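**Q** let me see the structure of the following:
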Amino acid sequence: MSRTSPRPAAPRSVSVTRTVGASPETLWSMVSDVTRMGEWSPENEGATWMKGASGPAVGARFQGKNRNGSKTWKTVAVVTRADPGRAFEFDVTAGPLKIARWGYVFEPAGDDTCVVTETWTDLRGAFVTRLGKPLSGVADRAEHNRAGMVTTLDNLAAAVTPATA
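**A** Coordinates of the predicted model:
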């Protein structure tokens, strides 16, 4: 009798950390301005505040636009944590379906330097996970997001780094 091991489950959460030459307050204000996220993210093209919201506050909703190659989609998010200079977090849905929780934590690391940790937590059920590749073109969402998070944090760091002559 032979027995096969079950395939290991994909990571349900991925985090990327980077030290950036800016204050936690500066980076928090950049990340929490979701209308600008397209400047840093390789997949998100920005967002629009919804239903009277005009900025980051717990309960504020926004619609995000995303692109991966020729695939495009929109999601709705609700801010679940808005602690200036410390943390910004939101939950993402597509219609009634839970998709993910995204979060950013900012820790001071010296004069005008901080450590930023970006975390993605997969909230999709099995059905929505199976729809991932046909709808977004991404089969391995955890690895795709890890690479995108590295790019996002690198782009944030570049945006606050003064150009050298």
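**Q** residues touching the spatially most central residue of the chain, list them.
**A** For the chain, residue 102 is the residue whose C-alpha lies nearest the centre (Cα atoms, centre = their mean; 4.6 Å). Contact analysis of residue 102 by Cβ atoms under 8 Å, 6 or more residues apart in numbering lists 77, 89-90, 92, 118-121. Any C-beta I mention is one placed from the backbone N, CA and C, and that applies to glycine too.
**Q** quick one: buried ones out of those?
**A** Using 16 or more other Cβ atoms under 10 Å as the burial test, the contacts of residue 102 include 77, 89-90, 92, 118-120 as buried.
**Q** with pLDDT and distance to residue 61 added, can I get those in CSV?
**A** Listed next are the buried ones among the contacts of residue 102 as CSV, based on pLDDT from 0 to 100; distance: Cβ to Cβ, whole Å:
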residue, pLDDT, distance to residue 61
77, 97, 7
89, 98, 14
90, 98, 9
92, 94, 11
118, 97, 21
119, 97, 21
120, 94, 19
